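**Q** Structure, please.
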Amino acid sequence: MKLEGRCLCRKIQFEIAGPTASSGHCHCESCRRAHSAAFVTWTSFTADGLHYRSGSELVKQYESSPGIFRSFCFNCGTPLFYKAVEEPETMYVPTAALTTLPDYSPTRHVSFEEKVPWLDIKDTLPKYHSKDQLIG
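**A** Numbering: from 1, shown residues only. Okay, the predicted model is just below:
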């Protein structure tokens, strides 16, 4: 399977080869602040499957916390990728940045203890603490 995606201004376009490894909703404060959203839905894939069709020179990266790197479009600010040093073979893309649908839907909530209090989640997906402990 090949996924395609882009930033808001369309200057960065990319494709991801191969199947996705996972998909889930993250409620951690860092993801919420980086995306200005109540939570972020991530799709993970093998890092070497990423190929830029255009705009790779506009991809900027910063270390949001020790060992965590977030990439974004320097032109429009769209958050694009997340990579953790402790998972060198895995990369995450916000599912909303994809223009083709991943091969499966989100399967869990992570960092659920950091969920914003005004969001009422009624789905039946498992809910995990940031330390991978099932909490609901």
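**Q** The protein: strands as residue ranges?
**A** Along the chain, counting by DSSP state E, strands occupy 2-6, 13-17, 22-26, 40-46, 50-54, 59-65, 68-73, 79-84, 90-94, 109-110.
**Q** Take those strands and write them to TSV, including mean neighbour count and mean pLDDT.
**A** Quick note: C-beta positions are derived from backbone N, CA and C, even for glycine. Formatted as TSV, the strands of the chain follow (neighbours: other Cβ atoms under 10 Å; pLDDT from 0 to 100):
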stretch	mean neighbour count	mean pLDDT
strand 2-6	18	96
strand 13-17	18	96
strand 22-26	21	95
strand 40-46	20	96
strand 50-54	14	98
strand 59-65	12	96
strand 68-73	18	98
strand 79-84	19	97
strand 90-94	22	96
strand 109-110	22	96
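**Q** Using TSV, lay out those together with distance to Tyr128.
**A** Below are those laid out as TSV (distance: least, Cβ to Cβ, whole Å):
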stretch	distance to Tyr128
strand 2-6	24
strand 13-17	24
strand 22-26	8
strand 40-46	13
strand 50-54	26
strand 59-65	19
strand 68-73	18
strand 79-84	16
strand 90-94	15
strand 109-110	5
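**Q** among those, which is nearest Leu101?
**A** Comparing those against Leu101 with Cβ to Cβ, the closest turns out to be strand 2-6 (8.1 Å).
**Q** tell me how far the ends of stretch 97-108 are from each other?
**A** 19 Å (Cα to Cα, to the nearest Å).
**Q** so who does the closest residue to Cys76 other than its chain neighbours touch?
**A** Leaving out its chain neighbours, the residue that sits closest to Cys76 by Cβ to Cβ, 6 or more residues apart in numbering is Cys9, at 3.8 Å. Neighbour list for Cys9: 73, 75-76, 78 [criterion: Cβ atoms under 8 Å, 6 or more residues apart in numbering].
**Q** Now, of the residues you listed, which are buried?
**A** Neighbour-count burial (16 or more other Cβ atoms under 10 Å) is assigned, among the contacts of Cys9, to 73, 78.
**Q** Which among the strands of the chain is found nearest to Arg33?
**A** That would be strand 59-65 among the strands of the chain, by Cβ to Cβ, at 8.8 Å.
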